[in-house]
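> Would you be able to build a 3D model of this:
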Amino acid sequence: MKKVYAIYMLIIIVIILVAIEFKIHSIKSTAPQTILIFIKDSDGVTPVTGASCKADILKNNKLIINDKELNEIQSMFKYINIKKWDIKEDRGYYELKTGFENYQGNFEIKIVCISPQNRGVSYTILNNTNLPCEVKDGGYLIC
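All right, here's what the predicted structure looks like:
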């Protein structure tokens, strides 16, 4: 009798664990609608202004936008309260509107920036599992 009870308990525990694992994998993060990316010079500190930045946006492994240009931001005051958030520079940021609106599927965003006079190249890949960015007021993703 104890053996049957133990088997039933084991089955119930396995079912609960499988349900929890399924729930964890079914919850996906929402793709970012607006990304503000900071471009640094080769020294890793100095902000780059006047860069040419483009992005490729993929949805479910299919290219939906090719070479979308990013807009250089003249002042971060438009996006965040600088007094409230600690950012080191007010320049060197570029804005990308991804076109995603409450999208929770697989996505990938590849951003390439070339500094003026072609002195340097910055390459960033963002996806479901790699979002090395901070969410600020207004839902902006700052990388």
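
> which residues of the protein fall in strands?
Residue ranges of the strands in the chain, as given by DSSP state E, are 34-38, 52-59, 62-69, 71-72, 93-97, 107-114, 121-127, 134-135, 141-142.

> tell me which residues in the third one are buried?
Of the residues in strand 62-69, those scored as buried under the neighbour-count criterion (16 or more other C-beta atoms under 10 Å) are residue 68. Placement of C-beta: from N, CA and C, glycine included.

> Only the buried residues of stretch 42-54, if you could.
So for stretch 42-54, counting by 16+ other C-beta under 10 Å, buried means 48, 49, 51, 53, 54.

> Mind putting those into a markdown table with distance to residue 36?
Formatted as a markdown table, the buried residues of stretch 42-54 follow (distance: C-beta to C-beta, whole Å):
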| residue | distance to residue 36 |
| --- | --- |
| 48 | 14 |
| 49 | 14 |
| 51 | 14 |
| 53 | 11 |
| 54 | 16 |
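
> what's the most distant pair in those?
Spanning the widest gap among those are 49 and 54, at 16.6 Å by C-beta to C-beta.

> Who is residue 53 paired with across the strands?
residue 113 (DSSP bridges).

> meant to ask about residue 68
residue 55.

> what separates it from residue 58, distance-wise?
12 Å (C-beta to C-beta, to the nearest Å).

> Likewise for residue 74?
Per C-beta to C-beta, residue 74 is found 29 Å from residue 58.

> Those two: which has the busier surroundings?
residue 58 (16 against 11; other C-beta atoms under 10 Å).

> ok, the more buried one touching residue 103?
No - applying C-beta atoms under 8 Å, one finds residue 58 not in contact with residue 103, separated by 11.8 Å.

> Can you pull the residues that touch both of those two?
Common neighbours of residue 58 and residue 103, using C-beta atoms under 8 Å, 6 or more residues apart in numbering, do not exist here.

> So residue 60 sits against residue 108, correct?
No - under the criterion of C-beta under 8 Å, residue 60 makes no contact with residue 108, lying 9.6 Å away.

> And the two? Which one has more around it.
Higher neighbour count among residue 60 and residue 108: residue 108, with 18 against 10, using other C-beta under 10 Å.

> residues in contact with the residue nearest to residue 34 when sequence neighbours are not counted?
Distances taken as C-beta to C-beta, 6 or more residues apart in numbering place residue 140 nearest to residue 34, at 5.2 Å, with adjacent residues excluded. Remark: with contacts taken as C-beta under 8 Å, 6+ apart, residue 140 is in contact with 34, 35, 36, 79, 80.
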